[in-house]
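>>> got a structure for you, letters missing:
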């Protein structure tokens with residue numbers, strides 16, 4: 001698999017195309033995205049498209065900029081990001097408040113993941129990086145999956161799967 005993936009990348013582009021889901025828009029997902037994508041080492045090695053709600057990302061950016069103005073240079077401005085905005089139903093969107101996870105934020109994060117999976121399976125992306133979600137919010141929205149790994153496995157039709165978490169600090 002890895003050899004085929006590498007050959008495919010070298011024939012198309014030198015950088016993998018990655019879908020990065022926003023995660024739970026009421027949780028830490030937007031903050032993690034804004035901080036991680038501010039790192040040029042991350043953004044120079046791949047083509048990244050954030051999948052989620054632009055308005056929730058902008059709200060988080062605004063709040064963080066006001067709360068800790070001395071660290072604004074550690075955030076990427078949402079305008080600098082390639083983003084696939086997922087339009088939420090107005091009633092769902094109105095129920096999402098930063099810091100208050102609920103069924104609406106769970107439904108939103110699930111929709112972001114579903115879109116990333118569909119586009120990746122269609123060949124638009126080479127891989128998916130998932131933002132953090134709140135499993136309790138998924139459950140509140142009617143999704144009974146243990147986590148994102150199981151959703152990825154089901155939608156991609158695999159039975160043997162696992163999760164990988166990497167950190168260097």
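Arrived safely, thanks for sending. These numbers come from a predicted model, not from an experiment. Residues are numbered from 1 along each chain as shown.
>>> which stretches of the protein have low pLDDT?
Across the chain, residues meeting the criterion (pLDDT under 70) sit at 1-13.
>>> Is it correct that residue 133 is in contact with residue 26?
No: Residue 133 is beyond contact range of residue 26, at 10.3 Å (criterion: Cβ atoms under 8 Å). Every residue, glycine included, has its C-beta placed from N, CA and C.
>>> okay, these two: which has more neighbours?
The neighbour count for residue 133 versus residue 26, taken as other Cβ atoms under 10 Å, is higher for residue 133 (29 against 24).
>>> list the contacts for the more buried one?
Contacts for residue 133 (Cβ atoms under 8 Å, 6 or more residues apart in numbering) come out as 23, 24, 27, 29, 106, 109, 110, 113, 147, 148.
>>> Helix, strand or coil: sort out it for me.
For residue 133, the assignment made with DSSP: H, G, I helix; E, B strand; the rest coil gives coil.
>>> ditto for the one 5 residues further on
When states are read from three-state DSSP, the local structure at residue 138 comes out as helix.
>>> Can you get me a residue count around it?
The number of residues near residue 138, taken as other Cβ under 10 Å, comes to 25.
>>> Can you give me the buried ones in the longest helix seen in the chain?
The residue-count maximum for a helix in the chain (DSSP state H) belongs to helix 103-121. Using 16 or more other Cβ atoms under 10 Å as the test for burial, helix 103-121 gives 103-117, 119-120.
>>> The contacts of residue 133 into a markdown table, with extra columns for distance to residue 40?
Output for those, formatted as a markdown table (distance: Cβ to Cβ, whole Å):
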| residue | distance to residue 40 |
| --- | --- |
| 23 | 22 |
| 24 | 26 |
| 27 | 26 |
| 29 | 21 |
| 106 | 33 |
| 109 | 27 |
| 110 | 31 |
| 113 | 27 |
| 147 | 30 |
| 148 | 27 |
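>>> out of the residues you listed, who's nearest residue 96?
The closest of the contacts of residue 133 to residue 96 turns out to be residue 24 (Cβ to Cβ; 9.0 Å).
>>> quick one: contacts for the closest one?
Counted by Cβ under 8 Å, 6+ apart, residue 24 has contacts 101, 105, 106, 108, 109, 131, 132, 133, 134, 137.
>>> how much space between the closest residue to the second one other than its chain neighbours and residue 70?
Read it as residue 105. Distances taken as Cβ to Cβ, 6 or more residues apart in numbering put residue 26 closest to residue 105, at 3.8 Å, once the chain neighbours are dropped. Distance, residue 26 to residue 70, by Cβ to Cβ, to the nearest Å: 25 Å.
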